[in-house]
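Asks: Below are the sequence and a predicted model for it; my questions follow.
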Amino acid sequence: MATDKWNATDLPDLTGRTAVVTGANSGIGLKAAEALARAGAHVVFAVRDPERGRAAAATVHGSTEVRRLDLADLSSVREFAADWKGELHLLVNNAGVMMLPEQRTRDGFEMQFGTNHLGHFALTNLLLPHITDRVVTVSSGLHRGGTGVIDFADLNRTANYSPTGAYAQSKLANLLFTLELQRRLTEAGSPVRATAAHPGYAATNLQSHAASPLSRLFMKFGNRFMAQDDTAGALPTLYAATQDLPGASYVGPDGFQELRGAPTLVGRSAAASDPEAAKRLWTVSEELTGTRFPLAAAVQS
């Protein structure tokens, strides 16, 4: 990478700040946590498996702690949020599952939609009274895939399940969530900003859980010969978390097809920019999770 391009050495001093990174035990979540801790932040590893989280945190130089969080179980999300005390400067909604065989969360939601979107939706709303600076949600260039829109008639994909289509829908939901969250924050007069990022094609263990053996083989090949490493893949998240960007900004790599490169502002699909779809998704997500925007009284509908 060219030396004049933004990288993790350009992070500001984060001493005295606290960050939560979901899924911080591996991949771009771990690399983001490493960089934030190195810059002085106290980083909370919010992970499903605390033992693996502690092993990962032990490799990081800086101030860390590990707390259990299972995004596929809303009771775990509520427990995590209820235990939080004090200010939280940065929430990084990073954890995710990708192209799984058809499965359900503990609450009965399609696993990818339930984990990647609904779990983070509930977590953000429950933690928002503590958040003082920013919420970053990790999406994907694949938000353009599948049908390209949210299937409000069948959010759980029960009629015609496709691992790829379900993943694409969950990543589109991440962007619509960011859009509507920023609208609500702005109307509530909050200084908190919501941004989103995608890592491009980054080699992580996320792809190893794909439902199709052929997909796993293709991704193994791509990880080896086409992808950037997870350190580079974490840069858009770090940029979205620390740079002075407009609310609802979307950050990705600046290279060909946004597959690799230095972080920059990138575009999104028309469906991911639809304010009415964003509002509708928010309302449905509130109903499904039983969580509400905590500053709703200050928002003019």
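Replies: Right, received. Where do you want to start? Numbering: from 1, shown residues only.
Asks: Please, where are all the strands along the chain?
Replies: 18-22, 42-47, 63-68, 88-93, 131-138, 193-197, 250-253, 263-265 (DSSP state E).
Asks: Indicate each strand paired with the second one and its parallel or antiparallel sense.
Replies: Each strand pairing with strand 42-47, determined using DSSP bridges, is listed with its direction: strand 18-22 (parallel), strand 63-68 (parallel).
Asks: May I have it exported as CSV, CA atoms only?
Replies: Only the C-alpha atoms of strand 42-47 are listed here, as CSV (Å, rounded to 0.1, in the frame of the first residue of the first chain):
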residue,chain,number,x,y,z
HIS,A,42,-9.9,0.3,26.3
VAL,A,43,-11.4,-2.4,24.0
VAL,A,44,-14.1,-4.7,25.1
PHE,A,45,-14.2,-8.0,23.2
ALA,A,46,-17.9,-8.8,22.9
VAL,A,47,-17.8,-12.5,21.8
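Asks: Just the mean pLDDT for it, thanks.
Replies: What strand 42-47 shows for mean pLDDT is 98.
Asks: which residues touch that strand?
Replies: Residues from elsewhere that reach strand 42-47 (C-beta atoms under 8 Å, 6 or more residues apart in numbering): 17-25, 33, 36-37, 53, 56-57, 60, 62-69, 80, 95. Backbone N, C-alpha and C define where each C-beta goes, glycine included.
Asks: give me that answer again for 7 Å
Replies: Residues outside strand 42-47 that contact it (C-beta atoms under 7 Å, 6 or more residues apart in numbering) are 18-25, 33, 36-37, 53, 56-57, 62-69, 80.
Asks: Please apply the same query to the last one.
Replies: By C-beta under 7 Å, 6+ apart, the list of residues contacting strand 263-265 from outside reads 6, 235-236, 239, 249-251, 253-254.
Asks: please redo it, this time with the cut-off set to 10 Å
Replies: By C-beta atoms under 10 Å, 6 or more residues apart in numbering, the residues outside strand 263-265 that reach it are 5-7, 10, 195, 197-200, 232, 234-240, 243, 245-246, 249-255, 258.
Asks: In helices, which of those appear?
Replies: If you go by DSSP state H, the contacts of strand 263-265 have 232, 235-240 in helices.
Asks: shaky segments in the stretch 151-300 of the chain?
Replies: Within the stretch 151-300 of the chain, the segments meeting pLDDT under 70 span 203-227, 296-300.
Asks: Figure out the length between the terminal residues of stretch 153-161.
Replies: 13 Å (C-alpha to C-alpha, to the nearest Å).
Asks: Can you list the buried residues in stretch 151-171?
Replies: Within stretch 151-171, the residues scored as buried using 16 or more other C-beta atoms under 10 Å are 151, 155-157, 162-171.
Asks: Reformat those into CSV and put distance to Arg104 next to each item.
Replies: Shown next, in CSV, are those (distance: C-beta to C-beta, whole Å):
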residue, distance to Arg104
Asp151, 17
Leu155, 12
Asn156, 8
Arg157, 11
Ser162, 16
Pro163, 14
Thr164, 18
Gly165, 16
Ala166, 12
Tyr167, 15
Ala168, 19
Gln169, 15
Ser170, 14
Lys171, 19
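Asks: for those, which one is nearest Thr283?
Replies: Each of the buried residues of stretch 151-171 was scored against Thr283 by C-beta to C-beta, and Leu155 proved nearest at 12.4 Å.
Asks: so that closest one touches Tyr161, yeah?
Replies: No. Leu155 is not in contact with Tyr161 according to C-beta atoms under 10 Å; the separation is 12.0 Å.
Asks: so what's in contact with the two at the same time?
Replies: Contacts common to Leu155 and Tyr161, judged by C-beta under 10 Å, 6+ apart, are Glu110.
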